[in-house]
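Visitor: Here is a sequence with its predicted model. Questions after.
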Number of protein chains: 2
Amino acid sequence: MNAHTSSPPLSSVPSSAPSSLPGQTPGEVLALISSGVAVTRAEIARRTGLARSTVSHRVDALITHGFVDEDTGAPSTGGRPPRRLSLRTHGHAIAGVDIGASHCRVGLLDISGTLLAAREDPLTIADGPEAVLGHVERTLRTLLEAADGKGPRTLRAIGVGVPGPVEFSTGRPVDPPIMPGWHHFPIPEFFGERFGVRALVDNDVNVMALAEQRRAFSDTLHLLYLKVGTGIGCGIVADGRIHRGAQGSAGDIGHIRVGERDEPCRCGNSGCLEAIAGGAALAARLRERGLEAEGSLDIVRLVREGNHEAVRTVREAGRAVGEVLSGLVNFFNPETVVVGGALAAIHDQLLAGVREAVYRRSNPLATHVLRIEPSRIGENAGAIGAGILAIEHALSPAQVDRALTTDATAV
Amino acid sequence: MNAHTSSPPLSSVPSSAPSSLPGQTPGEVLALISSGVAVTRAEIARRTGLARSTVSHRVDALITHGFVDEDTGAPSTGGRPPRRLSLRTHGHAIAGVDIGASHCRVGLLDISGTLLAAREDPLTIADGPEAVLGHVERTLRTLLEAADGKGPRTLRAIGVGVPGPVEFSTGRPVDPPIMPGWHHFPIPEFFGERFGVRALVDNDVNVMALAEQRRAFSDTLHLLYLKVGTGIGCGIVADGRIHRGAQGSAGDIGHIRVGERDEPCRCGNSGCLEAIAGGAALAARLRERGLEAEGSLDIVRLVREGNHEAVRTVREAGRAVGEVLSGLVNFFNPETVVVGGALAAIHDQLLAGVREAVYRRSNPLATHVLRIEPSRIGENAGAIGAGILAIEHALSPAQVDRALTTDATAV
DNA sequence: CCCGCTTTGCCCGACTTTCGAACAAAGCCT
DNA sequence: AGGCTTTGTTCGAAAGTCGGGCAAAGCGGG
């Protein structure tokens, strides 16, 4: 197999890189600044091909509208030192809300994505949307007041992750199996009425995947986030964007059939991944063998204590997860798989099994650069990811341009 | 489970629809016209929010540069009848090339995507790129000359589908298992030197998926194209765009493990989908039972003849495919699954098995609007899809804008 | 220390694009 | 035939963009 590596010049074929597409509008200039791609006026001009005067114009608009701050000088490159521009974090605030089956975490972020404060409370999602969201509202108001200490912050947008499928365009859960009473509940309207801002709602694993991709694995465009807890789910980032599928139920891998074992599953089928490797199933199996295990946390405890039975069971679960994952790797060809959820606390044991199965069965081309790693963000992934979702909405070029034209000074 | 269907007004929450974003540049105006979204000047003005005079300006530019034709009047809506605009097909030509393991199909399309002519020839891909592409070049020149009869046509771009993973940005195959000698061969440069136009190269199933989505299932954004032939592969359209994955090997589902059976596979593992349900494997199994079957076509023949053994085998293969597919449906949540490839000729038998397995195992939310259907495009899907890839490149706003500014009259 | 060099950022006149309003065109309706 | 409606064009005004000139600000060599 001879490799052709030379790059003969393309005679009269237009170059594929249009060299300078983005940045045609103030909002896109802001995107360049906030993403760190170009942080001085001169850099922006070079990057976009716009005249220096035009760039100054746009940057001025962004500054007077409170989107950008001008830091003091930067290191000179031989001539006059450029003035560094940065997203103005002061003044704006974003909420990131992670609602789980039995807990709820509310985070406050600045507009650059830094988590300023977070609070977790136990809560039962089955109490219904009014009760749960009411609690979120109160927590959020508390956090906002507390944060006011360091300069007032105006809430700009809210991101919400919920444990079930969501129709993203309307922000409404659709037939969520573990959220009784939430079907079609208009979450964005709930927050819109109370805070006067937009709320973006998505599946919790999706926003966790987003958090990991944006914050910890920004060099990878295609990422899967495997959440192994009581149940098993998967968040998908394809080409840097969340893949939600037709009904918003993409990533629902808990009931994929795996292996030979025919464990019955609560879904009515048997042999489901969740029935074999989910935290609830593992705990049940350990109980059968006389161990004390109620939920995922007990499994973590037992493994940490070095209980052989538990370690073996978890490793086996890892293999089951890995077997399913190997298929998904072949199909989706991600660069990174992040493993999170309660059981990721013992990722040494879990990942060993996962890697074993994936590298045994997957296409070598797909695996030879594949990384399978534990979550880097950890317990705040949901809140941060939801916040990122909201930030990217609030800072999208379209939104920013609108803010500039309907000249109400931001902040 | 109570359903909340009311839509209370969003107090002071900005509407999610920016109402009039697209169309800021001549290229985007052309996109509106060619996609049929807005086909008169007045419609474009309404759709984009631009002044009518601006729209006229842009349309004039598109007309003088040969991108748009002005048809005669359209039905009046009470006032002066609008003049209908349409993409100028006359003059432009696009090539769509579908290279298989043992055949090659070259198609000539006009810029609206209509197939003008096509030719298929047998050929062995293992003869290497120079030989194969040389043949494609000759065929394409023949087709271009023949098409010249009805007005001269200038070739604008070439799309190519090949049976292996491709690094799309460079158009080079990467470690393709059934294309010896093609590793890293610079296909776009080959055509660039000979025709002076850009060539876009992609995996063959990807372009087939694209063809089905754009031409036959344009109401669905998420589509899988399952090709069941000698081998088994899958093309992925996510959110209207081809998903290629990190190494361009996404959709390589032939070696996902399925079921209990441990058939050895040429990949070294056992239990692979392809080893159980691929055309080659089915033929081998039928041969074992004394039937005469060399390849996929013989299976089709036997099933058509009503051979019970063959029908049963195909149906079983369908179930195996369906079992894998059920997992992918849960994971990806497509709206449509299209089944093509040689064995799709007997889709009654094959699809029965596929549907049976999918509907048994997949998440009801994901399946209740899922369509599993035979290919509608058929044998030209590869050539047409490759052509569409090239057309969408040539008509992309960026390309069109460049053509307008570097004022060389198109056509 | 001063002066030329380099790079950055702003100012200003020339040019291009876009807008909005007025007007012509073309069919429908009474 | 004349008013009405919708479409498309013409034209002057407004806005945005460009590019050159110029001041600002640091570096480095004599």
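Guide: Perfect, thanks for sending it.

Visitor: quick one: low-confidence ranges for the stretch 1-150 of chain A?
Guide: Residues of the stretch 1-150 of chain A meeting the criterion pLDDT under 70: A:1-23, A:73, A:149-150.

Visitor: Recalculate using a threshold of 50.
Guide: Along the stretch 1-150 of chain A, segments meeting pLDDT under 50 span A:1-3, A:5-20.

Visitor: count of neighbours near the residue in the stretch 251-400 of chain A that chain B sits nearest to?
Guide: Proximity to chain B, evaluated over the stretch 251-400 of chain A using Cβ to the nearest Cβ, is greatest for A:N333 at 2.5 Å. All C-beta atoms are positioned from the backbone trio N, CA, C, and that covers glycine. A:N333 is flanked by 26 other residues according to other Cβ atoms under 10 Å in any protein chain shown.

Visitor: Quick check: closest non-adjacent residue to it.
Guide: B:G245 (2.5 Å; Cβ to Cβ, 6 or more residues apart in numbering or on different chains).

Visitor: Show the contacting residues for A:R355.
Guide: A:G322, A:I372 (Cβ atoms under 8 Å, 6 or more residues apart in numbering or on different chains).

Visitor: My error: substitute A:P173 in the last question.
Guide: A:V162, A:G164, A:P165, A:V166, A:E167, A:M179, A:W182, A:H183, A:H184, A:F185, A:I187, A:V201.

Visitor: Please repeat the previous calculation with a cut-off of 6 Å.
Guide: A:G164, A:V166, A:M179, A:W182 (Cβ atoms under 6 Å, 6 or more residues apart in numbering or on different chains).

Visitor: Return the distance of it relative to DNA strand C.
Guide: As judged by Cβ to the nearest atom of the strand, to the nearest Å, A:P173 and DNA strand C stand 40 Å apart.

Visitor: same check, this time on A:G290
Guide: According to Cβ to the nearest atom of the strand, A:G290 and DNA strand C sit 70 Å apart.

Visitor: Please enumerate the strands of chain A.
Guide: Listed in chain order, the strands of chain A (DSSP state E) span A:68-73, A:83-87, A:92-99, A:103-109, A:115-122, A:154-162, A:166-167, A:172-173, A:198-203, A:223-228, A:232-238, A:241-242, A:336-340, A:371-374.

Visitor: Go through the ones you listed and name the closest to B:V68.
Guide: strand A:241-242 (31.9 Å; Cβ to Cβ).

Visitor: what is the mean pLDDT for the closest one?
Guide: Strand A:241-242 shows a mean pLDDT of 98.

Visitor: Kindly report the same for stretch A:394-403.
Guide: 90.

Visitor: Quickly check: that stretch near DNA strand C or not.
Guide: No: residues of stretch A:394-403 are not located near DNA strand C by Cβ under 7 Å from any atom of the strand, the shortest gap being 12.8 Å.

Visitor: Touching, A:R105 and A:E120? I think so.
Guide: Yes: using Cβ atoms under 6 Å, A:R105 makes contact with A:E120 at a distance of 4.4 Å.

Visitor: So between those two, which is more surrounded?
Guide: Shown here are A:R105 and A:E120; by other Cβ under 10 Å, A:R105 has more neighbours (24 against 16).

Visitor: List the contacts of the residue nearest to A:H347 when sequence neighbours are not counted.
Guide: Take A:H347 and drop its neighbours on the chain: the residue closest to it by Cβ to Cβ, 6+ apart is A:P374, 3.9 Å away. Residues in contact with A:P374, defined by Cβ under 6 Å, 6+ apart, are A:V339, A:A344, A:H347.

Visitor: Then A:S270?
Guide: Contacts for A:S270 (Cβ under 6 Å, 6+ apart) come out as A:D262, A:P264.

Visitor: ok so, going back, of the contacts of A:P173, just say which sits nearest to DNA strand D.
Guide: Distances from DNA strand D to those, taken as Cβ to the nearest atom of the strand, are shortest for A:V166 (37.3 Å).

Visitor: Tell me where the longest helix sits in chain A.
Guide: If you go by DSSP state H, chain A has its longest helix at helix A:308-332.

Visitor: Low-confidence ranges, the stretch 251-400 of chain A, go.
Guide: Using pLDDT under 50, the stretch 251-400 of chain A has no residue that qualifies.

Visitor: And the helices in it?
Guide: A:273-277, A:279-288, A:296-304, A:308-332, A:347-361, A:364-367, A:381-394, A:397-405 (DSSP state H, counting those that start in this stretch).

Visitor: before we move on, what about the stretch 1-150 of chain A?
Guide: So, for the stretch 1-150 of chain A - with DSSP H, counting those that start in this stretch - the helices run A:26-34, A:41-48, A:52-64, A:129-148.

Visitor: And the shortest one, what's buried?
Guide: Just to be clear, that refers to helix A:41-48. A:R41, A:E43, A:I44, A:A45, A:R47, A:T48 (16 or more other Cβ atoms under 10 Å in any protein chain shown).

Visitor: hang on, the earlier thing: can you tell me which of the contacts of A:P374 is nearest A:F191?
Guide: Nearest member of these to A:F191, counting by Cβ to Cβ, is A:A344, at 30.0 Å.

Visitor: Stretch A:66-83 and DNA strand C in contact?
Guide: Yes: contact of stretch A:66-83 with DNA strand C (Cβ under 7 Å from any atom of the strand) involves A:T77, A:G78, A:G79, A:R80, A:P81, A:P82, A:R83.

Visitor: What is the burial count for the third one?
Guide: Other residues near A:G79 number 7, with proximity taken as other Cβ under 10 Å.

Visitor: Please name the bridge partners of the closest residue to A:L116 other than its chain neighbours.
Guide: Leaving aside its sequence neighbours, A:L116 sits nearest to A:L108 (Cβ to Cβ, 6+ apart; 4.8 Å). Beta-bridge pairing of A:L108 under DSSP bridges involves A:A95, A:A117.

Visitor: Over in chain A, which residue gets nearest DNA strand C? Let me know.
Guide: Counting by Cβ to the nearest atom of the strand, chain A gets nearest DNA strand C through A:G79, at 1.9 Å.

Visitor: Can you name the residues that contact A:G240?
Guide: Residues near A:G240 by Cβ under 6 Å, 6+ apart: A:L221.

Visitor: follow-up on the earlier one: got a markdown table for the helices of the stretch 251-400 of chain A, with distance to B:T220 too?
Guide: Shown next, in a markdown table, are the helices of the stretch 251-400 of chain A (distance: least, Cβ to Cβ, whole Å):
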| stretch | distance to B:T220 |
| --- | --- |
| helix A:273-277 | 27 |
| helix A:279-288 | 35 |
| helix A:296-304 | 37 |
| helix A:308-332 | 18 |
| helix A:347-361 | 30 |
| helix A:364-367 | 26 |
| helix A:381-394 | 25 |
| helix A:397-405 | 26 |
